[in-house]
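J.: Sequence and computational prediction follow.
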Amino acid sequence: MTTETISVVVPARSAGHDLRAVKVVLHREMLRFLSDRTRMLSMLFQPVLWLFIMGTGLGSLVQGSIPGVDYRTFMYPGMISMTVIMTGMFSAGSIVWDREFGFLREMLVAPVSRGAIVLGKCLGGAIVATGQGVVILAMAGLVGVPYSGTLMLTLLAEMFLAAFTITAFGVMLAARMKNMQTFFGLMQMAIMPMMFLSGAMFPLANLPSWLHVLTVVNPMTYAVDPMRQAVFSHLSVPPQVNAMLNPGVQWFGWQVPVILEIGVVAGLGAALLGVGIIQFRRAD
Amino acid sequence: MTLTPAVAVQDLKKTYGKVDAVKGVSFEVQPGEVFGFLGPNGAGKTTTISMLCTLVNPTGGSASVAGHDVVGARDEVRRNIGLVFQDPTLDGYLSAEQNLRFHAELYGVPRHIVGDRIRQVMEMVALWDRKDAKVMTFSGGMKRRLEIARGLLHSPRVLFLDEPTVGLDPQTRAAIWGYINKLRLSEDITIFMTTHYMEEAEYCDRIAIIDHGEIVVVDSPEALKASVGKDRVQIHTGDDERAITALRQRFGIEATVNEGAVTFAVAAGEEFVPRLFAELGQPIRSVSVSRPSLDDVFMSYTGSTIRDAEADDKNAWMRAMVRR
């Protein structure tokens, strides 16, 4: 059976080695996701429910005031965000699971930087979440959103960014958490208000000022708005309806450009990733 | 020629709040040795191993593994050690081979040898034919074997095994010891293990007996047994208290109740038995004489058997729970 024993020399730490670690952590995340069909379906269930049931119901109510636009078209970018956010958070939550089942220890005693592990996790979560988002993307035609190449690519990129940031947020939460129940409790508590205040479900124009302030400080607003602007730029909508459904975000009366919104999400993602890495270094 | 010790520990301490888990232990393990840490649960074995594996920071003292300091040169230590924990650390949703691939990538095993090396370690633990099965379908013994294979994958200089056979059936335990013995021959490796099974400590080149966070003695199993020099006698009587008093008064022997029997050590135990029956002055229901085992070594150095030490520990824990 045995020929010569193969002797391995573990190389000193290098960028190449850390990159391999990032890739394998990411790879595992995808394997795990692909092997869990139930999870795939359940993550899609809620957004689809909101889009087609709530969207249709609410749509019949508001039809008169938004001529020419299907309410579901309005909700569509919001539901993409919702899918992406739930999937990303779930991926991040697997860190807690890994801790409970010991696998985290296998990663933490390896001679790689904590940064590589956390980055791999966030990228893995982002890719998986984007994959889920693609399913919603494929439903565009059902709610009156055109299948334009540029629109799809723009949405895909914005989706990925939002997914990365939310996974980083989840990883930061999960860094110290000891059990799944606590994590999911906290996750629900964080996600619900963020969803409600992001413009995913109702337009942010003409809100009372206290509510308006909350929507402006909600980071998710900056993930949803660029997607909506992208969708609406591919529709022909009467200006007054556009102003009502797609008002954009304003800081003290100044219209925030899309590029800055994206910058906010990216910056936040980088900051959360940094905090997550620091927490893992400390947890050592 | 002086070799760098595989493990060198100087006055290593770990304190959790007010509890001294490890109270300043010192020892050295030579390259190629199989070194065992023997002690009851809660004696500080796992804490010590965690410090040596860079998972827990020591409160005081110093330790080096494969010549690298466990605090100052963590990465170097991590590159040179393999670990098998008490609790499984496998991903049940991945296949056996995927688990090993993950490990190989994380440790940066050169790409051109990954496949061959995985096959080699899996063949060693007789799991190659199950490489594509998901780990969650494995039995406890298979999981442990896979973990041993994984621990060896990157050819570590020192392999740490924390209670490698706990909770396994005797057959699997024997198999695991078979692999460990094979390993000593085929790879240039030092093995550091903890156990609370006396029989297993016998396989080690040297053992350190640890109790209440302190090392009581370090030596080879043979030398330790020789040092006891007495046989162990256990008797069952109707009245243990009276028997103990009688032993003290008539023979000058200190006996204790261990595992439900009056237990004491005496030179040339078999010749002592007739005298015992003649002079104890009370009926004896049964008697057993045994050559010194590591149990006796443990007992003569710590004053209790390892099982009683664990039972005490459990009782203390129960009392603590009740007080809450």
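T.: Perfect, thanks for sending it. What you see is a predicted model; the values in this text were computed from it and never measured.
J.: okay, which residue is most central for chain B?
T.: Here the mean C-alpha position of chain B is nearest to the C-alpha of B:T195 (C-alpha atoms, centre = their mean), at a distance of 1.8 Å.
J.: Distance of that one relative to chain A?
T.: 20 Å (C-beta to the nearest C-beta, to the nearest Å). Any C-beta I mention is one placed from the backbone N, CA and C, and that applies to glycine too.
J.: That residue pairs with what?
T.: Note on B:T195: beta-bridge partners B:L38, judged by DSSP bridges.
J.: how about the residues of the stretch 1-150 of chain B near chain A?
T.: If contacts are counted using C-beta under 8 Å from any C-beta of the partner chain, the residues of the stretch 1-150 of chain B sitting beside chain A are B:53-55, B:57, B:75-76, B:78-81, B:83, B:85, B:87-94, B:98, B:101-103, B:105-110, B:113, B:116-117, B:120, B:123-124.
J.: Mark which of the residues you listed are part of strands, please.
T.: Residues of these located in strands (DSSP state E): B:81, B:83.
J.: Can you flag the buried ones in the residues of the stretch 1-150 of chain B next to chain A?
T.: Among the residues of the stretch 1-150 of chain B next to chain A, those buried by neighbour count (16 or more other C-beta atoms under 10 Å in any protein chain shown) are B:53-55, B:75-76, B:78-81, B:83, B:85, B:88-91, B:93-94, B:98, B:101-103, B:105-109, B:113, B:117, B:120, B:124.
J.: Just the ones in helices from the residues of the stretch 1-150 of chain B next to chain A, please.
T.: Counted as lying in helices by DSSP state H, out of the residues of the stretch 1-150 of chain B next to chain A, are B:75-76, B:78-80, B:98, B:101-103, B:105-106, B:113, B:116-117, B:120, B:123-124.
J.: residue contacts, B:S155?
T.: Under the criterion of C-beta atoms under 8 Å, 6 or more residues apart in numbering or on different chains, the contact list for B:S155 reads A:6-10, B:187, B:189.
J.: okay, and for the stretch 201-324 of chain B, where does confidence drop off?
T.: B:306-324 (pLDDT under 70).
J.: could you pull out the strands for it?
T.: For the stretch 201-324 of chain B, applying DSSP state E, counting those that start in this stretch gives strands covering B:206-211, B:214-219, B:231-237, B:256-258, B:261-266, B:284-290.
J.: And B:P164, how close does it get to B:S95?
T.: For B:P164, the distance to B:S95 equals 23 Å [C-beta to C-beta, to the nearest Å].
J.: could you measure A:F196 against A:W210, distance?
T.: Distance of A:F196 to A:W210, given as C-beta to C-beta: 14 Å.
J.: Who has more neighbours out of those two?
T.: Here A:F196 and A:W210 are set side by side on neighbour count (other C-beta atoms under 10 Å in any protein chain shown), and the busier one is A:F196, at 16 against 7.
J.: any idea how far that one is from A:Y76?
T.: Using C-beta to C-beta, which is the criterion applied here, A:F196 is 17 Å from A:Y76.
J.: A:L155 - that's part of a strand, no?
T.: No. Going by DSSP: H, G, I helix; E, B strand; the rest coil, the assignment for A:L155 is helix, not a strand.
J.: Could you report the pLDDT at it?
T.: According to the model's per-residue confidence, A:L155 sits at a pLDDT of 96.
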